[in-house]
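Asker: Sequence and predicted structure are below.
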Amino acid sequence: MMDPSAIPVRFSRLKRFAMSPAHYLDSLREVEAGMDEDEDTACKRMGRLGHRLVLGGQLCVYPGERRGNAWKEFKAEHAGEDIVTAKEHERAVRIAESLARHSDAMHLLRGEHEVEIDWSTLGRACVSHLDVLGDRYVTELKLTACSSPGWFTRQALRMSYHAQLAFYLEAVHATRGPCSAAYVVAVETARPHVVTAFELTRAALEAGHKQCRIWMEQLLACEHAMEWPGYAQRVIDLDLPEAEPDLIFAEDVA
């Protein structure tokens, strides 16, 4: 395998440390094998299509279903392109129209789009891909199942969006100058495609910076030792939660 330290750090891989160093190393193996980091799904295609309709980019629309000889021929003719169906395209257009009706969201999406930044932190090469770089702010466009403030706040924590935006702010500060504000524009993939705009608080960004620092230090330690452990390196206790001592899931009984 190639030297892990020779591969620039992307946040999408760095956050694998939330699982374990072994998960991070596995993401590099996928890169080496020329594989996508995650299996492609209709939801992810919709996300990419929504980004391109709103932020700009080329589209390749197939008018039929993804099956049969006609699909195989079309796919071969457009090898390397990101192909979406007419139904997916129609849905993404509705999402873009919903965004266009939200003035605050559209304001936050103004600026440089799809910005790639090469930078470094702690002496380690990194690369970051920003959806929007505005005047001293960054914005991420997120397509989501629900943009309700309560639900999305929990989702943002689970997906480490606060750390992602903090990482991007560091990238901009290291290469472009001061940048202190971070926003997320969340739009629902299902009708009526409700849009909600969020500004990350100072506390959220500070927590994100700390989390990124912890993961980066773990990464450097693993690269130095050339060891990539999983969750635990010794036998650990498996006990019942104190609050639910009688909880048993029948489907897990073997």
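Answerer: Thanks, I have it. Residues are numbered from 1 along each chain as shown.

Asker: Leu220 contacts Thr121, doesn't it?
Answerer: No. Look at Leu220 against Thr121 with C-beta atoms under 8 Å: they stay out of range, at 10.2 Å. Every residue, glycine included, has its C-beta placed from N, CA and C.

Asker: show me where pLDDT drops low in this structure?
Answerer: Residue ranges of the chain with pLDDT under 70: 1, 32-47, 57-58, 243-254.

Asker: longest helix in it, by residue count?
Answerer: With residue count as the measure and DSSP state H as the assignment, the chain has helix 202-225 as its longest helix.

Asker: Kindly spell out which helices and strands sit in contact with that one.
Answerer: For helix 202-225, the packing partners by 3 or more C-beta pairs under 8 Å, 6 or more residues apart in numbering; DSSP states H and E come out as helix 11-14, helix 21-32, strand 124-133, helix 161-175.

Asker: quick one: the second one to helix 202-225, angle?
Answerer: Helix 21-32 and helix 202-225 are oriented at 80 degrees to each other (axes from the mean of the first three to the mean of the last three C-alpha atoms, to 10 degrees).

Asker: Need the contact partners of helix 21-32.
Answerer: Helix 21-32 is contacted by residues 1-2, 4, 7, 12-14, 16-17, 36-37, 218-219, 222, 227-230 when judged by C-beta atoms under 8 Å, 6 or more residues apart in numbering.

Asker: Try it again at 6 Å.
Answerer: Applying C-beta atoms under 6 Å, 6 or more residues apart in numbering, the external contacts of helix 21-32 come out as Met2, Pro4, Ile7, Arg13, Arg16, Phe17, Glu37, Cys222, Trp228, Pro229, Gly230.

Asker: Pipe the helices and strands packed on helix 202-225 into TSV and attach mean neighbour count per row.
Answerer: TSV is the format used below for the helices and strands packed on helix 202-225 (neighbours: other C-beta atoms under 10 Å):
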stretch	mean neighbour count
helix 11-14	19
helix 21-32	16
strand 124-133	18
helix 161-175	22
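
Asker: Which one of these lies nearest to Arg67?
Answerer: Within the helices and strands packed on helix 202-225, the stretch nearest Arg67 is helix 21-32; the backing value is 26.8 Å (C-beta to C-beta).
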